[in-house]
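Asker: give me the fold of what follows.
(2 chains)
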Number of protein chains: 2
Amino acid sequence: MEIKELFKSYKDYVNKEVEIHGWIKKSRESKTIGFLEINDGSFFSNVQVIVNSDLSNFKEIFSLGIYAAVNVKGVLVEPENAKQDFEIQATEIEILNDSDKDYPLQNKRHTFEFLRTLPSLRARTNAFNAVFRVRSELAFAIHKFFNERGFVYIHTPLITASDAEGAGEMFRVTTLDLNNPPRDEEGKVDNSKDFFGALSNLTVSGQLEVEGFAMAYSKVYTFGPTFRAENSNTPRHAAEFWMIEPEIAFAELKDVMEVAEDMVKYIVKYVMEKLPEEMNLFDQFVEKGIKERLTKLVNSEFKKVTYTEAVELLQNSGKKFEYPVKWGSDLQTEHERYLTEEVFNGPVFVTDYPKDIKSFYMKLNDDKKTVAAMDMLVPGVGELIGGSERENDLETLLQLMEEKGINAEDYKWYSDLRRFGGVKHGGFGLGFERMVMYMTGMKNIRDVLPYPRTVHSMKEVK
Amino acid sequence: MEIKELFKSYKDYVNKEVEIHGWIKKSRESKTIGFLEINDGSFFSNVQVIVNSDLSNFKEIFSLGIYAAVNVKGVLVEPENAKQDFEIQATEIEILNDSDKDYPLQNKRHTFEFLRTLPSLRARTNAFNAVFRVRSELAFAIHKFFNERGFVYIHTPLITASDAEGAGEMFRVTTLDLNNPPRDEEGKVDNSKDFFGALSNLTVSGQLEVEGFAMAYSKVYTFGPTFRAENSNTPRHAAEFWMIEPEIAFAELKDVMEVAEDMVKYIVKYVMEKLPEEMNLFDQFVEKGIKERLTKLVNSEFKKVTYTEAVELLQNSGKKFEYPVKWGSDLQTEHERYLTEEVFNGPVFVTDYPKDIKSFYMKLNDDKKTVAAMDMLVPGVGELIGGSERENDLETLLQLMEEKGINAEDYKWYSDLRRFGGVKHGGFGLGFERMVMYMTGMKNIRDVLPYPRTVHSMKEVK
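Answerer: The predicted model follows:
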């Protein structure tokens, strides 16, 4: 039986024979009695197993290493005056496999840094076990949210010739022999001889591709890996991460913000209800007060402020920032956090950014200086989501491309969407790891990715 | 209002004012009256709109191109003697955007080949609209199946230094300047100078990485993109495709087969119930009888036969195959289809393949000649799923690695899982596109991938 089932309905099993299997998380014994804490990974808490010394393999059991695997038969009892609701009085324990003495996760505190060197093992610790279970439920909640609302899930391509932002640092994908690549007449590497017949990169966003499908289904989203070849060794940068990018047709910026707000509330609520034990762990050991912060978010009404108003608020705040606040410059995390934490004391959308600091596809406002973009700022983090209405007027789009140095010919299939019944539309992007960090209080992106890929990371760990 | 809502509950709106928006899929008019078929992509069927010629912009409306976008206000009526359950008598039509005259999807039959050149537009056609909606619901059904059963969803890495099969043809991921890469003392390209500090590839499978997490949660799965740099220009090969790989601890081959059978039945049933209109289209226009075939699958009990028995059955069948059947050779599609279609007349698991044709991680059987592997064969396709119990004995695993020429040091983190409480476990892989093809009757993998990536494909289409 899975221990999750036991925890859910142990009342049904009191004084009855039960059988579980799992790994020994803790073990202690005296001459006459021993205690094992067993977990099979199906539930956050361990099952306590009482072992009397008259069990034939008592000695063998208590010489096993931490994380040895066992099968336990016994009687479920309700102990008096104990922390746990139930325990199992063992009648038979079969040893399935020992764990060697050099097992690196002995029962003592390990730093997150040390555990990063053990990506294939660290999910066995309480903190990482909770993190990756939250990651899983959060992913499911996102699919559920969009599926219930009729959004069609589109797998946009990972290998691509385009660069969604016109500015990303990208990874090249190749099957050429780098030691001796084919060359053209000028001696340059001949990309036409590569696998796809042209220079190919790993995508930085599926947005442009998914816009095509928005013009077929009205409501679509993509949820897949994206890549940045940024040489940034920071707690917030990974070379490979997952993004959620919904796109909605017949929609303006306000509709996009509504979906973003609904989604964040929905998924936070879903995970808090589904995983209370894990959330308690984060609240106690990772970030005190995180449950209150998240509950407040779910119950708050998100505010709205334009970028221009936000700049004024910051300039008039009397607060000294590391980076100066100037109309035309992007907001820094310190500015974002001041707005959401001090000024609005809750989540806030900042809208209508200067066009010069935003991407070519964002809808130009009537003032010709700003675009219909938005960032969702939340306390404790700053920017969680960025999105925009897209420019749907062909002439304006082509002009914006030219201003940004985008080769219009490369994006003809994209601008053509405007010529063939294109309607006003918009969407947003949510970095999935940022959301997991926000839900768990973890401060380093390496600690929310199962096998993080960062600059130089293959040197150290597989 | 979304037209999906209208189709679901049009009875509530009879003789009432409604408002919809969408694209003109068809349009015809006489002097006094016109008809539009409108769709917003939320539902498979179009809404018929009746336009009287006294509408002020009647002429303008009927000079619009196919796929122009409109907003329609009107009264919902139940027509007598009409194909459709309801139609809308327009009172006001706002033109949102025209569609240019060179719109490539005019109302005539287009071949799938032609539509492949228009990946950003083809989801507007009935067939591809249905395919990609099935793809979306199938993905959701898979997540739902595993989530309900307590499987933890793990995002295994896309960029990797390992090669799960020891034999895959892989794409290299690099940020080196190919025209002038850094070189070591021997003049070879210096991989240690690359972004990750070592040679890095796109993954061919997340299985090995997810096994680590199976030893933490017992039940896990991965669902993400995988890559093959195979120079195969066939209807079944894509360079980028999605795979589902569950992994179960405390499990033997029979448990793996049970999950595989349950999953296939669950997701097929889910999609058939959720998308009856789309399934009718496939049944009528793509593969006659597909609904019956799928219904039969859902209601059948999957059979089991060993590879050795299967070889005997094939050899004694009297049937002449293109490829000879010999113990020790892999089964070809013709053999697989004969088994599932002629011999068993339904889905069948073939188990216990010769170890020499299977991967190093598969559990060696007691006969030392075969491994605890399985393929699920289904009528009309052949192999749908492949899986195995994994070798959990360290010595045997190391020996299998040596036999297959796998560098044990590279996989130490993997074999170490056996030293640290590793228990019997197994899993399987389902190629997602193959499943979509199976559900829809589509015969070319390019027609079930939103933006297919195949050899030379960047030359032609973005």
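Asker: CA only for contacts and neighbour counts going forward, please
Answerer: Will do.
Asker: which stretches in the stretch 151-300 of chain A count as helices?
Answerer: Under the criterion DSSP state H, counting those that start in this stretch, the stretch 151-300 of chain A contains helices at A:207-217, A:253-274, A:276-281, A:290-299.
Asker: return the most buried member of those.
Answerer: Among the helices of the stretch 151-300 of chain A, helix A:207-217 has the highest mean neighbour count (mean count of other C-alpha atoms under 10 Å in any protein chain shown), at a mean of 26.
Asker: near chain B, anything from that one?
Answerer: Yes. Helix A:207-217 reaches chain B (C-alpha under 8 Å from any C-alpha of the partner chain) through A:209, A:212-213, A:215-217.
Asker: coming back round to it: of all the helices of the stretch 151-300 of chain A, which one comes closest to residue B:98?
Answerer: Proximity to residue B:98 (C-alpha to C-alpha) singles out helix A:207-217 among the helices of the stretch 151-300 of chain A, at 13.4 Å.
Asker: quick one: is stretch A:125-134 near chain B?
Answerer: Yes. Judged by C-alpha under 8 Å from any C-alpha, stretch A:125-134 comes into contact with chain B through A:129, A:132-133.
Asker: just the buried positions in the worst-scoring helix or strand of chain A on mean pLDDT, please.
Answerer: Every helix and strand of chain A was ranked by mean pLDDT, DSSP states H and E. The lowest is helix A:457-460, at a mean of 72. Buried residues in helix A:457-460, counted by 16 or more other C-alpha atoms under 10 Å in any protein chain shown: A:457-458.
Asker: so that helix, near chain B or not?
Answerer: Yes. Judged by C-alpha under 8 Å from any C-alpha, helix A:457-460 comes into contact with chain B through A:457-459.
Asker: do the same with stretch A:6-24
Answerer: Yes. Using C-alpha under 8 Å from any C-alpha, we find that stretch A:6-24 touches chain B at A:21, A:23.
Asker: distance between the ends of that stretch?
Answerer: 17 Å (C-alpha to C-alpha, to the nearest Å).
Asker: tell me, how many residues neighbour residue A:330?
Answerer: 15 (other C-alpha atoms under 10 Å in any protein chain shown).
Asker: okay, it: pLDDT?
Answerer: For residue A:330, the pLDDT comes out at 95.
Asker: now it: closest residue in space, sequence neighbours ignored.
Answerer: Excluding the flanking residues, the one nearest residue A:330 by C-alpha to C-alpha, 6 or more residues apart in numbering or on different chains is residue A:357, at 6.6 Å.
Asker: do you know how far the one you found is from chain B?
Answerer: The gap separating residue A:357 from chain B is 26 Å, by C-alpha to the nearest C-alpha, to the nearest Å.
Asker: sorry, back to before: most neighbours among the residues of stretch A:125-134 next to chain B, which one is it?
Answerer: Going by other C-alpha under 10 Å, residue A:132 tops the residues of stretch A:125-134 next to chain B with 24 neighbours.
Asker: so it makes contact with residue B:151?
Answerer: No. Residue A:132 lies out of contact with residue B:151 (C-alpha atoms under 8 Å); the separation is 11.7 Å.
Asker: get me the contact residues on the stretch 151-300 of chain A for chain B.
Answerer: A:152-162, A:170-175, A:178-179, A:188-189, A:192, A:195-198, A:200, A:209, A:212-213, A:215-219, A:224, A:229, A:231, A:240, A:250.
Asker: what residues does the stretch 301-450 of chain A have near chain B?
Answerer: With C-alpha under 8 Å from any C-alpha as the criterion, the stretch 301-450 of chain A meets chain B at residues A:413, A:419-423, A:449-450.
Asker: how about those in CSV, adding distance to residue B:283, pLDDT and neighbour count?
Answerer: Shown next, in CSV, are those (distance: C-alpha to C-alpha, whole Å; pLDDT from 0 to 100; neighbours: other C-alpha atoms under 10 Å in any protein chain shown):
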residue, distance to residue B:283, pLDDT, neighbour count
A:413, 32, 95, 19
A:419, 34, 98, 21
A:420, 30, 98, 25
A:421, 30, 97, 25
A:422, 32, 98, 28
A:423, 33, 98, 28
A:449, 42, 98, 24
A:450, 42, 98, 23
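Asker: make JSON lines from the residues you listed and add secondary structure to it.
Answerer: Converted to JSON lines, those look like this (DSSP: H, G, I helix; E, B strand; the rest coil):
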{"residue": "A:413", "secondary structure": "helix"}
{"residue": "A:419", "secondary structure": "helix"}
{"residue": "A:420", "secondary structure": "strand"}
{"residue": "A:421", "secondary structure": "coil"}
{"residue": "A:422", "secondary structure": "coil"}
{"residue": "A:423", "secondary structure": "coil"}
{"residue": "A:449", "secondary structure": "coil"}
{"residue": "A:450", "secondary structure": "coil"}
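Asker: between those, which is nearest residue A:260?
Answerer: Comparing those against residue A:260 with C-alpha to C-alpha places residue A:423 closest, at 20.1 Å.
Asker: what's the burial count for the closest residue to that closest one other than its chain neighbours?
Answerer: Distances taken as C-alpha to C-alpha, 6+ apart put residue A:250 closest to residue A:423, at 5.9 Å, once the chain neighbours are dropped. Residues lying near residue A:250 (other C-alpha under 10 Å) number 20.
Asker: ok, residue A:250 - contacts?
Answerer: Contacts for residue A:250 (C-alpha atoms under 8 Å, 6 or more residues apart in numbering or on different chains) come out as A:218, A:423-425, B:21.
Asker: in helices, which of the residues of stretch A:125-134 next to chain B appear?
Answerer: Judged by DSSP state H, the residues of stretch A:125-134 next to chain B include A:129, A:132-133 as members of helices.
Asker: how close does residue A:146 sit to residue A:67?
Answerer: With distances taken as C-alpha to C-alpha, residue A:146 is found 39 Å from residue A:67.
Asker: and if you look at residue A:36?
Answerer: Relative to residue A:67, and taking C-alpha to C-alpha, residue A:36 is found at 11 Å.
Asker: these two: who's more crowded?
Answerer: residue A:67 (28 against 22).
Asker: correct me if wrong: the more buried one contacts residue A:25.
Answerer: Yes. Using C-alpha under 8 Å, residue A:67 makes contact with residue A:25 at a distance of 5.6 Å.
Asker: can you lay out the helices of the stretch 151-300 of chain A as CSV showing mean pLDDT?
Answerer: Converted to CSV, the helices of the stretch 151-300 of chain A look like this (pLDDT from 0 to 100):
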stretch, mean pLDDT
helix A:207-217, 97
helix A:253-274, 98
helix A:276-281, 98
helix A:290-299, 97
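Asker: which one of those helices lies closest to residue B:139?
Answerer: Of the helices of the stretch 151-300 of chain A, nearest to residue B:139 by C-alpha to C-alpha is helix A:207-217, at 16.6 Å.
Asker: which strands and helices sit next to that closest one?
Answerer: strand A:219-227, strand A:240-249, helix A:412-419 (3 or more C-alpha pairs under 8 Å, 6 or more residues apart in numbering or on different chains; DSSP states H and E).
Asker: and the first one, which strands flank it?
Answerer: For strand A:219-227, the paired strands and their directions (DSSP bridges) are strand A:152-153 (parallel), strand A:240-249 (antiparallel).
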